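Undergrad: Here you go, sequence then predicted model.
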2 protein chains.
Amino acid sequence: MRVSNLSDHTGYWLRMVSNAVSQDFARKVATEGVTVAEWCFLRALFDTEGTAPTLLADQMGMTRGAISKLADRMMAKGLVARIESSGRGQILALTPTGRAKVPTLAAMADENDAAYFDALSGDDRAALDRILQTLVENRGLTAPPLD
Amino acid sequence: MRVSNLSDHTGYWLRMVSNAVSQDFARKVATEGVTVAEWCFLRALFDTEGTAPTLLADQMGMTRGAISKLADRMMAKGLVARIESSGRGQILALTPTGRAKVPTLAAMADENDAAYFDALSGDDRAALDRILQTLVENRGLTAPPLD
DNA sequence: CGAGTTTAGTTTCCTAGTCAACATAACCAG
DNA sequence: CTGGTTATGTTGACTAGGAAACTAAACTCG
């Protein structure tokens, strides 16, 4: 019986590269004591005064439960504060410490991306970006890149 | 303070597409009662008489512990058998049931890949494959696409 | 107003990995 | 052969997330 091989699929190579990029980035930010999810969380909060957990869950493509726990962990690290707002609702906001970390982490993200993609020719880089955009639009993807 | 945005990075979009592809595939194979890791496991075993767990761990980019547990689950599903070989070593092999599932799952993999990438123009498809290969070679990636 | 419904956040249970400690078998030197 | 080292597979503790039940607040409308 003839069956296709894993490596026959574009998705296989896509995943291979994507995982390598992410894992490398995870290693880098770990030196700052932060996970990739935490980085996304910090970055999302960076240009707001504060955000409701549910909204953050939508933006990050995670469940409210996950955000709840993530917020706990980040509060424990002193990066984020929960601000009781009107009644039940709450607002998550960066602490000064958390805010101060963002530029460092953003630089790591830039560096990580460059390490992989600056090696491509200008044409290839542009083609890759364009093709990925096409795929995102074709499939109407809006969910962010966390598992 | 000016910091880059998540979506400024090629890696962000790569991950977005890669995750969408994988999650769609996960949904598909779930209808056959199988996870993506299990599919990789089955496929790896398909064209051998049997494989040692440690070798499989290398091939799949997982730890021996993970393979041990994965093998337990798949034995419970009747897809895989542990064959005691000489002394300590063991050999994992497909059962007839496991073997029978592979073509179906492979067809799903083909279909999933097509759903995403057949929509691209021939040129773009070729360019994507080529660029991904370039990245794999640049970085010397060998680890398989599981997290 | 007050009862039912919607929404927000938390919690519990589950899954699927890693990592590191472990037991034991295999290998190799003397 | 025997003692130390290496390799194999398993296990237990831990992590990060999802799903769904749960709690409580906030709306709605009769």
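TA: Thanks, I have it.

Undergrad: CA only for contacts and neighbour counts going forward, please
TA: OK.

Undergrad: A:V136 should be in a helix, yeah?
TA: Yes: using DSSP: H, G, I helix; E, B strand; the rest coil, the assignment for A:V136 is a helix.

Undergrad: list the contacts for it?
TA: When contacts are counted by C-alpha atoms under 8 Å, 6 or more residues apart in numbering or on different chains, A:V136 touches A:142, B:13, B:16-17.

Undergrad: Separate out the buried members of these.
TA: B:13, B:16-17 (16 or more other C-alpha atoms under 10 Å in any protein chain shown).

Undergrad: now, which of the residues you listed lie close to DNA strand D?
TA: For DNA strand D, no contacts are drawn from these by C-alpha under 7 Å from any atom of the strand.

Undergrad: For chain A, tell me which of the residues you listed show up nearby.
TA: Restricting the buried ones among the contacts of A:V136 to those within reach of chain A (C-alpha under 8 Å from any C-alpha of the partner chain) leaves B:13, B:16-17.

Undergrad: where does A:D123 land in three-state SS?
TA: helix.

Undergrad: Return the distance of it relative to chain B.
TA: 10 Å (C-alpha to the nearest C-alpha, to the nearest Å).

Undergrad: Over to A:A66?
TA: With distances taken as C-alpha to the nearest C-alpha, A:A66 is found 18 Å from chain B.

Undergrad: Kindly provide the distance from that residue to B:T63.
TA: In this view, A:A66 and B:T63 are 26 Å apart by C-alpha to C-alpha, to the nearest Å.

Undergrad: Helices along chain A, start to end?
TA: Using DSSP state H, the helices of chain A run over A:10-30, A:36-46, A:53-60, A:64-76, A:96-117, A:122-138.

Undergrad: Make JSON lines from those helices and add distance to B:L94 and mean pLDDT to it.
TA: Listed next are the helices of chain A as JSON lines, based on distance: least, C-alpha to C-alpha, whole Å; pLDDT from 0 to 100:
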{"stretch": "helix A:10-30", "distance to B:L94": "23", "mean pLDDT": "96"}
{"stretch": "helix A:36-46", "distance to B:L94": "37", "mean pLDDT": "97"}
{"stretch": "helix A:53-60", "distance to B:L94": "39", "mean pLDDT": "95"}
{"stretch": "helix A:64-76", "distance to B:L94": "37", "mean pLDDT": "97"}
{"stretch": "helix A:96-117", "distance to B:L94": "38", "mean pLDDT": "97"}
{"stretch": "helix A:122-138", "distance to B:L94": "36", "mean pLDDT": "96"}
